[in-house]
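Enquirer: sequence and computational prediction follow.
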Amino acid sequence: MQPLVTISIPLYNCEDSLENSLESVRRQTYRNLEVTMINDCTPDDSVRIAEDFIKKYDLKNWKIYHLEQNSGLSVVRNKGIDTAEGKYLFFLDSDDVITENCIEKLVEVAEREKVQMTISQIECEKLKENERFFCLGKLKDTQTIRNNKDLLEAFANDRIPSSAVNKLFLLDVFKKNKIYFVQGLFAQDELWTFHSCLKLESAAFQPDVTYTYYLHDKSVIHNRGKRHFDNWFTIGKYMDEAYRAEKDKKRKQIILNYLTRYKDMTLIMNWRAQKNEKLWKESYRKYKTLSSLGLFDYFSSAYSKQTKKADFLMSLPTSIGMKIFRMRWRD
């Protein structure tokens with residue numbers, strides 16, 4: 001018998017795209033599905049559209065849960081975890097779509113490889129230009145991972161995408177390990193995936209494109225400002241906390257490598273989003289309060305040249321760091 005898969009979908013200001021998203025789920029070749037939609041007190045017509053869709057197709061295992069107050073995507077995702085009854089859980093955003101065989105392909109790999117997380121390929125599409133490309137990172141590996149250190153290192157080396165969507169999760173593992181999103185934060189897929197990779201022991205890859213992420217004017221990727229920069233620093237603090245608490249030397253090195261790359265990456269994203277010197281300097285100063293390489297780490301083979309260079313450039317006086325950064329990123 002096919003294992004039950006729960007697909008969790010947020011409902012918030014998605015009336016223009018929701019029906020396409022739901023239709024992509026209804027058309028799945030994999031039939032043993034539970035669909036949970038979490039209403040985050042949406043002010044638009046999304047709930048009515050969802051209710052009409054369920055009624056129109058007489059969808060017996062589709063449910064809508066209503067939050068008592070608008071709480072943000074973190075709480076919505078957590079509600080999706082807590083209410084899911086499937087063996088596996090899959091997150092789908094309400095402005096995206098999945099291929100008809102998405103769940104079938106992911107379940108086939110998950111069951112064959114007996115893993116806790118199965119990852120597939122995401123394709124992005126610019127709606128206005130009708131242009132498709134890999135904007136969230138292309139899978140670089142298809143080898144099954146069967147121990148935590150290798151999995152954590154794969155994530156730290158950008159071989160595991162940080163998005164929460166388009167991954168099939170073994171639900172019991174997340175509930176037992178209490179791997180939840182941090183309430184009050186937004187755009188925190190990176191942190192949740194990091195917390196997941198601290199705990200999980202296995203992952204497999206399905207190399208085909210099974211998910212389309214639509215880029216439009218409302219997409220977070222196009223609308224970043226100080227709130228996002230502060231959010232990135234808060235996420236960095238959680239990563240720093242995990243680094244300081246870690247006892248295993250190898251895992252500690254992996255986390256510090258990753259934290260250094262994360263700081264460098266988000267400083268670049270900060271600049272490209274606003275090109276605001278004041279905001280960039282504020283983030284730069286905050287990042288210097290997080291853990292960094294020690295003197296002897298610069299002579300260690302545990303850290304790459306790229307990590308050492310990034311760490312050094314983030315340890316400079318802020319005015320000098322800004323000048324060098326602008327020389328590196330003239331765009």
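Expert: Now that the structure is in, tell me what you want to look at.
Enquirer: mind giving me the domain ranges of this protein?
Expert: Using automatic domain parsing, the domains assigned to the chain come out as 5-218, 224-328.
Enquirer: columns mean pLDDT on top of the ones you listed, output as a markdown table?
Expert: Below are those laid out as a markdown table (pLDDT from 0 to 100):
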| stretch | mean pLDDT |
| --- | --- |
| domain 5-218 | 92 |
| domain 224-328 | 92 |
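Enquirer: winner for burial among those domains?
Expert: domain 5-218 (a mean of 18; mean count of other Cβ atoms under 10 Å). Just so you know, the C-beta spots here come from the backbone N, C-alpha and C atoms, and that holds for glycine as well.
Enquirer: how far out from the middle of the chain is that domain?
Expert: Put simply, domain 5-218 sits 9 Å off its chain's centre (Cα atoms, centre = their mean, to the nearest Å).
Enquirer: next structured bit after the longest strand anywhere in the chain?
Expert: In the chain, assigned by DSSP state E, the strand with the most residues is strand 204-215. The first helix or strand that comes after strand 204-215 along the chain, using DSSP states H and E, is helix 226-245.
Enquirer: what sits up against that following helix?
Expert: Applying Cβ atoms under 8 Å, 6 or more residues apart in numbering, the external contacts of helix 226-245 come out as 182, 185-188, 190-191, 194-195, 198, 220, 252, 255-256, 258-259, 262-263, 266, 269-270, 273, 279, 282-283, 286-287, 290-291.
Enquirer: just to be sure, which of those are found in helices?
Expert: 190-191, 194-195, 198, 252, 255-256, 258-259, 262-263, 266, 269-270, 273, 279, 282-283, 286-287 (DSSP state H).
Enquirer: ok, back up a step: so what does the longest strand of the chain touch, helix or strand wise?
Expert: Contact partners of strand 204-215 among helices and strands, from 3 or more Cβ pairs under 8 Å, 6 or more residues apart in numbering; DSSP states H and E: strand 97-98, helix 102-113, strand 117-126.
Enquirer: each with direction, which strands does it pair with?
Expert: strand 97-98 (antiparallel), strand 117-126 (parallel) (DSSP bridges).
Enquirer: adding distance to residue 9, write those out as JSON lines.
Expert: Shown next, in JSON lines, are these (distance: least, Cβ to Cβ, whole Å):
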{"stretch": "strand 97-98", "distance to residue 9": "11"}
{"stretch": "strand 117-126", "distance to residue 9": "16"}
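Enquirer: of those, which is nearest residue 4?
Expert: With Cβ to Cβ as the measure, strand 117-126 is the member of the strands paired with strand 204-215 nearest residue 4 (15.4 Å).
Enquirer: and residue 38, how far from residue 257?
Expert: Distance, residue 38 to residue 257, by Cβ to Cβ, to the nearest Å: 35 Å.
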